[in-house]
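S.K.: starting from these lines, generate the structure:
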Amino acid sequence: MDWDYPNPYTLPRAPQAADIDGLNHTNNAVYVRWCEQVGWAHSEALGLTLDHYRALDRAMAIRRGEYDYILPTVLDEPLLLGTWLVAGDGKLSMARRFQLIRESDGATVLRGHWDLVCIDISGGRPRRMPQAFLDAYMPAVVQANKAGN
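M.R.: Numbers count the residues shown, from 1 in each chain. So this is what the prediction gives:
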């Protein structure tokens, strides 16, 4: 697969009947949901779960999300969704990228990115990342970029 960054964290996906809209392709909102799912799965694989977030009263919240819908996908089409952490200031913010690839021909069908900010869950205010976040997330940040994302 021609990934935008090295070593993506991946989840396989295939649109189901409920994901298909009136134009007979995957509804755009489904891609957003999938990005959330792979983001959480990646965080958990790095050792931080929602329970950890709650115990620390900290979370990485989406400040901005942007998605480029490049090609449509259809019912039962095998897809592979990859994600990476691509930036982090070690204080308040990080960035996450997404790429969805159609397995049959390797075509990229979606790219997305999130700008994330660390907040306290109890008040929703920006707060410094706790050491547990730095220990889990910062080593996972990738630098290589060939797609201009």
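
S.K.: which residues are in contact with the residue nearest the centre of the chain?
M.R.: Nearest to the mean C-alpha position of the chain, counting by CA atoms, centre = their mean, stands Gly39 at 3.9 Å. Gly39 is in contact with Thr83, Arg96, Phe98, Trp114, counting by CB atoms under 8 Å, 6 or more residues apart in numbering. Any C-beta I mention is one placed from the backbone N, CA and C, and that applies to glycine too.

S.K.: what comes up buried for whichever strand or helix holds the last one?
M.R.: Element membership for Trp114, per DSSP states H and E: strand 108-120. Residues of strand 108-120 classed as buried: Thr108, Val109, Leu110, Arg111, Gly112, His113, Trp114, Leu116, Val117, Cys118, Ile119 (neighbour count, 16 or more other CB atoms under 10 Å).

S.K.: tabulate the contacts of Gly39 in TSV, adding columns for secondary structure.
M.R.: Shown next, in TSV, are those (DSSP: H, G, I helix; E, B strand; the rest coil):
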residue	secondary structure
Thr83	strand
Arg96	strand
Phe98	strand
Trp114	strand
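
S.K.: tell me the one among the residues you listed nearest to Val30.
M.R.: Within the contacts of Gly39, proximity to Val30 (CB to CB) peaks at Phe98, which comes in at 13.1 Å.

S.K.: which residues in the chain form strands?
M.R.: For the chain, the strands defined by DSSP state E cover 9-13, 58-69, 79-88, 93-102, 108-120.

S.K.: the first one vs strand 79-88, what angle?
M.R.: Interaxial angle of strand 9-13 relative to strand 79-88 (axes from the mean of the first three to the mean of the last three CA atoms, to 10 degrees): 150 degrees.
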